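*Asks:* only the shape, not the letters, is given here:
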C-alpha cells in the first residue's frame, strides 16, 4: 500500500444538504480553505468551513475535520484512497471522502480525529498538524 503524507486543515467543516435546484449560497464560498460543491438530482451538497454556515434553514452535519493528502497525484496512480480507507474502516472509523483534480480529502468527525491519526500513523502514513 502507498505511504502518504496528509495535512490536517485548520478549520472545522460542515456538510450541508440544500435544495437540488437552489443556488450556491454565498456563505459556502467564504474563506480560503477547502470547499466542495456537488449537485445531483436530489441535493446540492456543500462542504465548507463550519463557521460560515447559518444555523437556520440548513440541514447540516457539523464537527468535521479535513485531512488533505499531500499531492498532486496523476490520475493513473492507483491505491491512494484504499491505503487510507482500509485501515480506517478496519478501525471502525467512518469518513467522507472527496476527490479533487489533484488529490484526495478525508473528512473525519471530531470525536474520531485522534483515533484516525493514530490508525493512519500505524499504517505507515505521516500526518502533519
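*Replies:* Cool, got the structure. Values in this document were obtained by computation on a predicted structure and should not be read as measured data.
*Asks:* quick one: which helix or strand includes the residue of the chain most remote from its centre?
*Replies:* Ranked by distance from the centre of the chain (C-alpha atoms, centre = their mean), the top residue is residue 21, with 23.7 Å. Using DSSP states H and E, residue 21 is not contained in any helix or strand.
*Asks:* tell me how far it lies from residue 40.
*Replies:* The gap separating residue 21 from residue 40 is 11 Å, by C-beta to C-beta, to the nearest Å. The C-beta positions use only the backbone N, C-alpha and C, and glycine is treated the same way.
*Asks:* gap between the residue farthest from the centre of the chain and residue 126?
*Replies:* 43 Å.
*Asks:* what does residue 73 give?
*Replies:* Distance from residue 73 to residue 126, by C-beta to C-beta: 16 Å.
*Asks:* neighbour count winner among those two?
*Replies:* More neighbours surround residue 73 than the other of residue 73 and residue 126, with 17 against 12 (other C-beta atoms under 10 Å).
*Asks:* so where is this protein shaky, pLDDT-wise?
*Replies:* 1 (pLDDT under 70).
*Asks:* got the residue ranges for the helices in it?
*Replies:* 80-90, 113-122 (DSSP state H).
*Asks:* center of the chain - which residue?
*Replies:* residue 107 (3.0 Å).
*Asks:* top strand in this structure by residue count?
*Replies:* Longest strand in the chain by number of residues (criterion: DSSP state E): strand 59-69.
*Asks:* partners of that strand in the sheet?
*Replies:* strand 5-8 (antiparallel), strand 13-18 (antiparallel), strand 104-109 (antiparallel) (DSSP bridges).
*Asks:* contact partners of stretch 112-121?
*Replies:* Identification of contacts with stretch 112-121 by C-beta atoms under 8 Å, 6 or more residues apart in numbering yields 6, 8, 65, 67, 84, 87-88, 90-91, 93-95, 106, 108, 127.
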